[in-house]
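Asks: Can you look at this prediction? I've put the sequence above it.
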Amino acid sequence: MVKPNDTVYHLGDFGFGEFKYILDRLNGKIILLRGSHDKDTLVYKERFENVASLLEVVIEGHHIILCHYCMRVWSKSHFNSWHLYGHSHGRLPPEGKSWDVGVDNNNFTPFSFTEIKKIMSKRPDNFNLIQGVV
C-alpha cells in the first residue's frame, strides 16, 4: 500500500517490543508524531524523516494539524482546518473536522490522503468556525 517514496505521518505509539524489525520492513518516508509509548522508538530515530510532538502541514491547500493526542481546538480550527490524531483507539468521537486516524480504527491499514479528504468532506464544520472569513 505504501510506496518507497511516499510520505507517511505516523501519529504515535509506533510499537512495543520488537518494533525495529517492523520499522525496517516499512516503506515510505516516515514522520513520527511522538505518542505516549514512543520513548524506546526514538533509539532508532535515524529511520524517521522527522520526529515531533505536533506538526502543521498544508497538503493540496488543506491546513492540517497532526498530533498523537486529540484537541478540542487547534491552529486555524476557526477557519475549518483539519486535525488528525491517534491515542484514543476509536473510542473518542470526532468533533468537526477532526478524525482518529489510528490503524486500529481502520482495519490496521493506514488512511490515504484521498480517504481523509473524503471523510472530511462529510464532517460538519468546526464548532468555532468564523462564518464568512477566509
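Replies: Arrived safely, thanks for sending.
Asks: Show me where the chain has its helices.
Replies: Assigned helices in the chain, in chain order: 19-25, 113-122 (criterion: DSSP state H).
Asks: mind listing the strands for the chain?
Replies: 7-10, 29-33, 48-52, 54-59, 62-67, 82-85, 98-100 (DSSP state E).
Asks: nearest to residue 124, of the ones you listed?
Replies: Comparison of these against residue 124 by Cβ to Cβ identifies strand 98-100 as nearest, at 10.6 Å. Bear in mind the C-beta positions are built from the backbone N, C-alpha and C, glycine included.
Asks: quick one: strands adjacent to that closest one?
Replies: Here strand 98-100 is paired, per DSSP bridges, with strand 82-85 (parallel).
Asks: Now tell me what touches the partner strand from outside.
Replies: Among residues not part of strand 82-85, those counted as contacts by Cβ atoms under 8 Å, 6 or more residues apart in numbering are 9, 11, 62-71, 74, 77, 97-101, 116, 120.
Asks: Give me the mean pLDDT for that strand.
Replies: For strand 82-85, mean pLDDT rounds to 97.
Asks: Kindly report the same for stretch 6-25.
Replies: Mean pLDDT, stretch 6-25: 80.
Asks: Can you give me the first-to-last residue distance of it?
Replies: For stretch 6-25, the separation between the terminal residues is 14 Å (Cα to Cα, to the nearest Å).
Asks: what does stretch 78-91 give?
Replies: Taking Cα to Cα as the measure, stretch 78-91 stretches 25 Å from start to finish.
Asks: re the thing from before, please produce JSON lines containing the strands of the chain, extended by mean neighbour count and distance to residue 106.
Replies: Supplementary listing: those in JSON lines, determined by neighbours: other Cβ atoms under 10 Å; distance: least, Cβ to Cβ, whole Å:
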{"stretch": "strand 7-10", "mean neighbour count": "20", "distance to residue 106": "13"}
{"stretch": "strand 29-33", "mean neighbour count": "20", "distance to residue 106": "17"}
{"stretch": "strand 48-52", "mean neighbour count": "15", "distance to residue 106": "21"}
{"stretch": "strand 54-59", "mean neighbour count": "14", "distance to residue 106": "18"}
{"stretch": "strand 62-67", "mean neighbour count": "20", "distance to residue 106": "16"}
{"stretch": "strand 82-85", "mean neighbour count": "24", "distance to residue 106": "12"}
{"stretch": "strand 98-100", "mean neighbour count": "22", "distance to residue 106": "9"}
